[in-house]
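Participant: Next comes the sequence, and after it the predicted model I'd like to discuss.
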Amino acid sequence: MKIAILYDSKFGNTKKIAEFLATEGRTAGHETQLFRTTKTKASAINTFQPEAIMVGGPTHFGKPTSTLIKYVKKLGKIEHSSTIRKAAVFNCYTGEEVTKAMKGQISDSLPNIELLDQVFPVLTGDQTGDNWNKIFLPPNWKGDAKSFLSAFLNFLSH
C-alpha cells in the first residue's frame, strides 16, 4: 500500500518521528513517501497517489501549525486526492492536545476519508517550554511509534 506521510516540524521532533514512521512502514512492506508541508506542494501528492496518509505536526500556540492546516485544506481541493481512503494523526506537543483539531481538519477537507481512532501524541520538551528549540523526544517514543504504526497498518487492512 502507498502511504504518504505529511508533516510540519518546527524544531525537528516531528520530522524525526515522520522519518521513523516512513522507514518502519517500508520495513513492513509498504511504499511510503514523506511530504514536508513547508518544502512540497500539496499537489505533489498527485504523482504518488497514496491510498492512505499519516498527518503529523507540532503544536504551535495550542493549535496545529497554520502551515499544516493550509496544506490539508489544499489537499482536499486536489482532484486526485480521491485515492486517499484512510488517515491517522500524530502530534508533538508540550502539554496541549491538538490531535482532535487535526482530525477535524482532515475530516472537513477530505470528507470521504476514514480516520484511525487512535492518535499518537508525543510529549516533547517540558511543560515550561524550556526545550522547545531542541529535539527532545521521550525515551520510549520509538516503541510507541511502532505500536501506533502497527495499529494504522491493521486499520488499513480492514
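Facilitator: It's in. What you see is a predicted model; the values in this text were computed from it and never measured.
Participant: From now on I want contacts and neighbour counts done on CA atoms only, so please keep to that.
Facilitator: OK.
Participant: any low-confidence regions in this protein?
Facilitator: 79-81, 94-96, 125-135 (pLDDT under 70).
Participant: where do the strands sit along this structure?
Facilitator: Secondary structure of the chain by DSSP state E: the strands cover 2-7, 31-36, 52-60, 63-64, 86-93, 114-115, 120-123.
Participant: Output those strands in TSV, with distance to A18 appended to each entry.
Facilitator: What follows is the strands of the chain, written out as TSV (distance: least, Cα to Cα, whole Å):
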stretch	distance to A18
strand 2-7	7
strand 31-36	7
strand 52-60	7
strand 63-64	16
strand 86-93	9
strand 114-115	18
strand 120-123	12
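Participant: Of all those strands, which one is nearest F136?
Facilitator: Nearest of the strands of the chain to F136, taken as Cα to Cα: strand 120-123 at 8.9 Å.
Participant: which outside residues touch that closest one?
Facilitator: Residues external to strand 120-123 that are found in contact with it (Cα atoms under 8 Å, 6 or more residues apart in numbering): 89-95, 97, 99, 137-138, 141, 144-145, 148.
Participant: on that earlier part again, make a markdown table out of the strands of the chain and add mean neighbour count and distance to I45.
Facilitator: Conversion of those to a markdown table gives the following (neighbours: other Cα atoms under 10 Å; distance: least, Cα to Cα, whole Å):
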| stretch | mean neighbour count | distance to I45 |
| --- | --- | --- |
| strand 2-7 | 23 | 8 |
| strand 31-36 | 20 | 8 |
| strand 52-60 | 24 | 10 |
| strand 63-64 | 21 | 21 |
| strand 86-93 | 26 | 14 |
| strand 114-115 | 19 | 18 |
| strand 120-123 | 21 | 23 |
